[in-house]
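Q: Below are the sequence and a predicted model; questions follow.
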Amino acid sequence: MVKAGTRAVLVAVLISMPALLLPQTTADATQFIALLALIGALLAFVEYVGDYPSIIEFRDAPPFNRLRFLALFATVLILSLISRGEVAPSALSDRLHGLGHSVGEVLDFPYSPVRLMVLGASADLTVGQGEMIRTHAGIAYLVSLLATAGFVLVVRVLNWPTRSGAFNFWVNLPLFDPTAGGDVLRRLKRDALVNIVLGLLLPFLIPALMKLATAAFAPISLANVHSLIWITSAWAFLPASLIMRGVALMRIAELIEEKRRRAYAQADLQAA
């Protein structure tokens, strides 16, 4: 109960963080965000208070979900502090803005995800708003790269997930249907490759989809600070999350393949 309640509070804080830190949030937006925070907290509590998961994967295989949540939490917090610095400057916001500006300039080269994110914004933005998008995109992409690299190190160096004990396949992959047909090992490797490839392509596809949506439907403007924070966070977090999931599935496939190899070798020895 305590662990589930703590996770629920953290989810609520994550959802409401921009509204809490940004002084220009309207009363209607605050009420709507409070409702979303309550729903998110309730879902997290229900998911973690039960003995068996229903939606969240790798619930009993830390630090997979912890790294993902920490990456998203850090991204939203840093972007909110940078945006707050535009109306209420502080030493911390100035340093974060300088870091994001430097990272954005380094990553803003032709055909890079950051360049495409800047170009995918509405054309009616001012120069200052374009610089802010570059700053947000640079710092968000940096956090996603660090989170992905950190998880790869956890898998390869710390021998995730077997170091913390036995890995329960069915508890940690509740959405994986073993009766769907085909070999489980082949399906795991296929899903892993699909997640990794999609994670690598999404930073380039999302700005293009934004441009198409702006042309076909209502324009998606990043001039609004809340839209800028959440769209940029999703643009950086979703690809990193997919890559981490692909790496995790590939690791599980390797464990199953190794276990099968040992079982076949033992059967051959017994037959001999």
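A: Here it is on my side, so go on.
Q: mind listing what's buried in stretch 179-199?
A: Across stretch 179-199, burial judged by 16 or more other C-beta atoms under 10 Å covers Arg187, Leu188, Lys189, Asp191, Ala192, Asn195, Ile196, Leu198, Gly199. The way it works is simple: take the backbone N, C-alpha and C, and place the C-beta from them, glycine included.
Q: Please apply the same query to stretch 125-138.
A: Leu125, Gln129, Glu131, Met132, Ile133, Arg134, Thr135, His136, Ala137, Gly138.
Q: cool, stretch 230-244 as well?
A: 231-244.
Q: how about the nearest residue to Tyr141 once chain neighbours are set aside, what does it touch?
A: With C-beta to C-beta, 6 or more residues apart in numbering as the criterion, Tyr141 has its nearest non-adjacent residue at 5.1 Å, and that residue is Ala236. Applying C-beta atoms under 8 Å, 6 or more residues apart in numbering to Ala236 gives the contacts Thr75, Ala137, Ala140, Tyr141, Val143, Ser144, Pro203.
Q: check which helix or strand covers Ala236.
A: Using DSSP states H and E, the element containing Ala236 is helix 225-271.
Q: And Val13, by the same measure?
A: Element membership for Val13, per DSSP H and E: helix 2-21.
Q: Which ones among the contacts of Ala236 lie within strands?
A: Assignment to strands by DSSP state E places none of the contacts of Ala236 there.
Q: Just give me the residue closest to the centre of this structure.
A: Nearest to the mean C-alpha position of the chain, by C-alpha atoms, centre = their mean, lies Phe237 at 3.2 Å.
Q: Can you give me the neighbour number for the residue nearest to that one when sequence neighbours are not counted?
A: Nearest residue to Phe237, sequence neighbours excluded (C-beta to C-beta, 6+ apart): Leu72, at 5.0 Å. Look at Leu72: counted by other C-beta atoms under 10 Å, it has 22 neighbours.
Q: in the helix or strand hosting Leu72, what counts as buried?
A: Using DSSP H and E, Leu72 sits in helix 64-84. Using 16+ other C-beta under 10 Å as the burial criterion, the residues of helix 64-84 that qualify are 64-65, 67-69, 71-84.
Q: what packs against that helix?
A: Applying 3 or more C-beta pairs under 8 Å, 6 or more residues apart in numbering; DSSP states H and E, one finds that helix 64-84 contacts helix 2-21, helix 91-107, helix 127-156, helix 225-271.
Q: list the buried ones in the shortest one?
A: It stands for helix 91-107. Ser93, Leu96, His97, Leu99, Gly100, His101, Val103, Gly104, Leu107.
Q: what's near enough to touch the residue nearest to the centre of the chain?
A: With C-beta under 8 Å, 6+ apart, Phe237 has these contacts: Arg68, Ala71, Leu72, Thr75, Ala140, Ser144.
Q: ok, it to Gln31 distance?
A: Noted for Phe237: a distance of 25 Å to Gln31, by C-beta to C-beta, to the nearest Å.
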